[in-house]
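**Student:** here is my input; please provide its structure:
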Amino acid sequence: MFEVRAGGPPDGEAVLLLHGFPQHSGEWDDVVPALHAAGLRTYALDQRGYSPDARPAAVDAYRIPELVADVVAVLDALGLDAVHLVGHDWGAVVAWAVAAAHPERVRTLTAVSVPHPAAMAHALATDTEQKARSSYMALFRKPGTAERVLLAFHAAALRKMLGSVGDASRVARYADPMREPGALTAALNWYRAMSRSDLAGVGPVEVPTTYVWSDRDVAIGRTAAEACAANVTGDYRFVALPGVSHWIPDTAPGPLAEAILARATATA
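**Tutor:** You can find the predicted model right below:
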């Protein structure tokens with residue numbers, strides 16, 4: 001069973017929000033008020049591994065096809081034929097995959113921070129800087145080792161990773177749930193289940209799409225960001241936020257809400 005935070009006008013067009021690592025649906029709290037004010041109904045999902053009652057043990061349970069199936073099942077359970085889909089970080093990966101595989105369920109797509117998987121693959125193959133930016137994944141994919149490193153000394157390394165998300169209370173908001181038994185392992189299993197074949201299976205996206213990137217993102221460089229356009233066949237917009245870190249929903253909720261609304265209302 002997945003935990004979903006719903007808000008906004010009950011009769012508004014639906015927006016499904018997918019969080020990233022190592023956060024949860026609360027990362028959208030500063031974004032949704034503007035969406036509600038514009039008449040949209042939001043559903044922020046705690047995804048597989050983050051919802052305590054949807055935390056399977058097997059690594060293979062966190063493959064991209066499983067994560068995509070979760071989104072479709074949630075839409076069915078909520079009685080939503082199609083939504084404006086928004087995803088940040090790993091949530092963006094899932095959103096890209098849902099939009100590519102199930103365009104009939106997606107009115108518009110707003111992907112935040114992480115570009116289309118094919119754009120990432122291009123950058124990793126051609127850009128040594130992107131290879132360095134993505135080197136942390138090697139640690140994350142090591143069972144046991146990653147948990148020990150990230151959780152040692154009251155999760156000091158995890159808190160440092162989250163440092164630019166905001167003040168200490170905001171860091172704790174995301175770091176503390178990861179200290180619960182099994183929570184961090186489930187979140188890291190997304191990385192451990194990741195495969196080239198699953199990523200390559202994400203095809204071009206035909207729905208109207210906005211990609212939001214920030215130039216101080218330590219994980220995603222400009223090569224990957226600019227390669228994104230080649231993987232969208234529908235109307236496409238690239239929004240670059242200067243001086244903003246990877247944690248866009250937390251640190252730039254206003255500009256992000258504007259980008260989501262510009263995309264969603266353009267097709268209203």
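
**Student:** Three-state assignment for the residue of the chain positioned farthest from its centre, please.
**Tutor:** For the chain, the residue at maximal distance from the C-alpha centroid (CA atoms, centre = their mean) is Phe153, at 27.5 Å. Secondary structure assignment for Phe153 (DSSP: H, G, I helix; E, B strand; the rest coil): helix.

**Student:** for Arg216, grab phi and psi.
**Tutor:** phi -110, psi 20 (degrees, to the nearest 10).

**Student:** residues touching the closest residue to it other than its chain neighbours, list them.
**Tutor:** Nearest non-adjacent residue to Arg216, counting by CB to CB, 6 or more residues apart in numbering: Ser245, 5.0 Å away. C-beta coordinates here come from the backbone N, C-alpha and C atoms, glycine included. By CB atoms under 8 Å, 6 or more residues apart in numbering, the residues touching Ser245 are 164-165, 214, 216-218, 251.

**Student:** what are the boundaries of the strands in this protein?
**Tutor:** Under the criterion DSSP state E, strands of the chain are mapped to 3-7, 14-18, 41-46, 83-88, 106-112, 209-216, 236-245.

**Student:** tally up the residues packed near Arg237, please.
**Tutor:** Residues lying near Arg237 (other CB atoms under 10 Å) number 16.

**Student:** so it sits against Thr210, correct?
**Tutor:** Yes. Counting by CB atoms under 8 Å, Arg237 touches Thr210, with 4.5 Å between them.

**Student:** picking that back up, tell me how far the residue farthest from the centre of the chain lies from Arg170.
**Tutor:** Between Phe153 and Arg170 the distance is 20 Å, computed by CB to CB, to the nearest Å.

**Student:** now this protein, which segments are flagged as low pLDDT?
**Tutor:** Applying pLDDT under 70 to the chain flags residues 267-268.

**Student:** with adjacent residues omitted, what lies nearest to the residue positioned nearest the centre of it?
**Tutor:** Central residue of the chain (CA atoms, centre = their mean): Gly91, 2.2 Å from the mean position. In this structure, Gly91 finds its nearest non-sequential neighbour in Leu18, 3.1 Å apart by CB to CB, 6+ apart.

**Student:** wait, that neighbour touches His88, no?
**Tutor:** Yes. Between Leu18 and His88 a contact is recorded at 7.2 Å, counting by CB under 8 Å.

**Student:** ok, the contacts of Ser245 vs Pro33, which is closest?
**Tutor:** Comparing these against Pro33 with CB to CB picks out Thr251 as the nearest, at 16.0 Å.

**Student:** which ones are touching the closest one?
**Tutor:** Going by CB under 8 Å, 6+ apart, Thr251 touches 164-166, 244-245.

**Student:** how about 6 Å then?
**Tutor:** 244-245 (CB atoms under 6 Å, 6 or more residues apart in numbering).

**Student:** Ala200 too?
**Tutor:** Counting by CB under 6 Å, 6+ apart, Ala200 touches no other residue.

**Student:** and the residue farthest from the centre of the chain, how far from Met161?
**Tutor:** Distance, Phe153 to Met161, using CB to CB: 14 Å.

**Student:** try Ser245
**Tutor:** Taking CB to CB as the measure, Ser245 and Met161 are separated by 11 Å.

**Student:** again with Gly234
**Tutor:** Separation of Gly234 from Met161 (CB to CB) stands at 34 Å.
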